[in-house]
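# need a structure here:
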Amino acid sequence: MPIHDIFPKTTLITSRRKKFFGQLFRVPGLSRRTKFYGAVALGLALTVYFGVLLAPSDFTKGSVISIKQGMTLSDVAAALEKENIVRSTVLFKSAIVLLNGDGKVLSGDYFFNSRPTFVGVAWRVARGIFGFAAEKITIPEGANVYEVAALVRQKIPKFDTDEFIRIAKDDEGYLFPDTYHFLPGVSAGEVHRTMHDTFDEKMKPLNDAVKKSGKNLHDIITMASLLEEEARHTETRRLIAGILWRRLDINMPLQVDATFSYINGKNTFELTLADLRDGSSLYNTYTHKGLPPGPISNPGLDSIVAALYPKESPYLFYLADLSGVTHYSRTFEEHKEKKFQYLP
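Below is the predicted model of the structure:
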């Protein structure tokens, strides 16, 4: 019996498959009956695969389906069917129940670049296999929550920056700057949680040192955030840490210019006398003694270690010139001379 009598012309039978069937009928040692039933079985298998298991032929390559929190299994199945990702909602839901038992799926955005089977779709949404390549996002030391939100938004346009700032602003200083890999559908809560968990993990080796320092963690992280902005090198940070802790001990105002970047966005060379005298913000360490209410950014490990292990010196004043070199002074008069010498 000719092969075309068994499988009439159809879009499912390509020239490659026709060639395969032709080769099947030329296999030596097989009876015509065996070849016939083999071809029928194979044809039925292909029919089931393409007509039942596989997504509809009008599936769009590169489809993205969003599964929101709170969607029921029926909601998810209907959405997948509407986007031509599964043919049968019944088969999809049955597969989910078999895979998960409780019929739950994981929320998120799922990317489908080729025609999937309903079993493959069920497997992915049951286990949160999103199909996206994670975005590499580097958060530099000293970035505050607003800057973190903007950096994530640059790589992930749908990222909810307002929500991130809302939930993360009270954790300023405790979101560890590092290189992260986030999926395109990452939520504000997940970024916040990941960065905070990383902070906790990085601090574990330093927990004993914090306890022995006689200072609480909040003060140490607040000091570290100042050091992050005031200097770029470990030894310089340790020297400045010694100066600033000493100022606190003698009840002297910290007079740290870096807090103004948090107050009004100005750097040392942009500040005016009016800025220094404006006591409306508790972060102004010229008008308010003691540490500011909290960290002004998220410091890196080097600055945290410098805050924990300050270096003693005879100095009480310091300044950085335009090239970034730090100059130290024992007295205010000496400090004024160096300001005249090194600053415009």
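# tell me which residues in the helix or strand where D219 lies are buried?
Taking DSSP states H and E as the definition, D219 sits inside helix 217-230. Residues 217, 219-230 are the ones in helix 217-230 that count as buried (16 or more other Cβ atoms under 10 Å). Every C-beta, even on glycine, is put in place using the N, C-alpha and C of the backbone.
# From the chain's centroid, how far away is it?
23 Å (Cα atoms, centre = their mean, to the nearest Å).
# For that helix, which helices and strands make contact with it?
helix 207-213, helix 234-249, helix 301-308 (3 or more Cβ pairs under 8 Å, 6 or more residues apart in numbering; DSSP states H and E).
# ok and that helix relative to helix 301-308, angle-wise?
With axes from the mean of the first three to the mean of the last three Cα atoms, to 10 degrees defining the directions, helix 217-230 sits at 120 degrees from helix 301-308.
# Can you pull out the residues in contact with helix 217-230?
141-142, 172-174, 203, 210, 213, 237, 240-241, 244-245, 254, 256, 258-259, 261, 291-292, 294-300, 303-304, 306-308, 320 (Cβ atoms under 8 Å, 6 or more residues apart in numbering).
# same thing but at 7 Å, please
Surrounding helix 217-230, the residues in contact under the criterion Cβ atoms under 7 Å, 6 or more residues apart in numbering are 141-142, 173-174, 210, 213, 237, 240-241, 244, 256, 258, 261, 291-292, 294-297, 299-300, 303-304, 306-308.
# Stretch 174-194 too?
108-109, 130, 132, 134-141, 143, 145, 148, 152, 156, 159-160, 163-164, 167-168, 195-196, 198-199, 202, 221, 298, 300.
# Just checking the distance from it to the centre of its chain.
3 Å.
# buried sites along it?
For stretch 174-194, by 16+ other Cβ under 10 Å, it's 174-178, 180, 182-188, 191-192, 194.
# repeat for stretch 255-264
256-263.
# Repeat that for stretch 86-103.
Residues of stretch 86-103 classed as buried: 86-87, 89, 91-93, 95-96, 99-100, 103 (neighbour count, 16+ other Cβ under 10 Å).
# Go ahead and produce CSV holding the CA coordinates of it.
What follows is the C-alpha trace of stretch 86-103 in CSV, where atoms were taken according to Å, rounded to 0.1, in the frame of the first residue of the first chain:
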residue,chain,number,x,y,z
VAL,A,86,-2.0,25.4,25.2
ARG,A,87,-4.9,23.7,23.3
SER,A,88,-6.8,22.2,26.2
THR,A,89,-7.4,23.9,29.5
VAL,A,90,-8.6,20.5,30.9
LEU,A,91,-5.3,18.7,30.0
PHE,A,92,-3.2,21.6,31.3
LYS,A,93,-5.0,21.7,34.6
SER,A,94,-4.8,17.9,34.9
ALA,A,95,-1.0,18.1,34.3
ILE,A,96,-0.6,20.8,37.0
VAL,A,97,-2.5,18.7,39.6
LEU,A,98,-0.4,15.6,38.7
LEU,A,99,2.8,17.7,39.1
ASN,A,100,1.9,19.8,42.1
GLY,A,101,-0.9,17.9,43.8
ASP,A,102,-2.4,21.2,45.1
GLY,A,103,-2.8,22.7,41.7
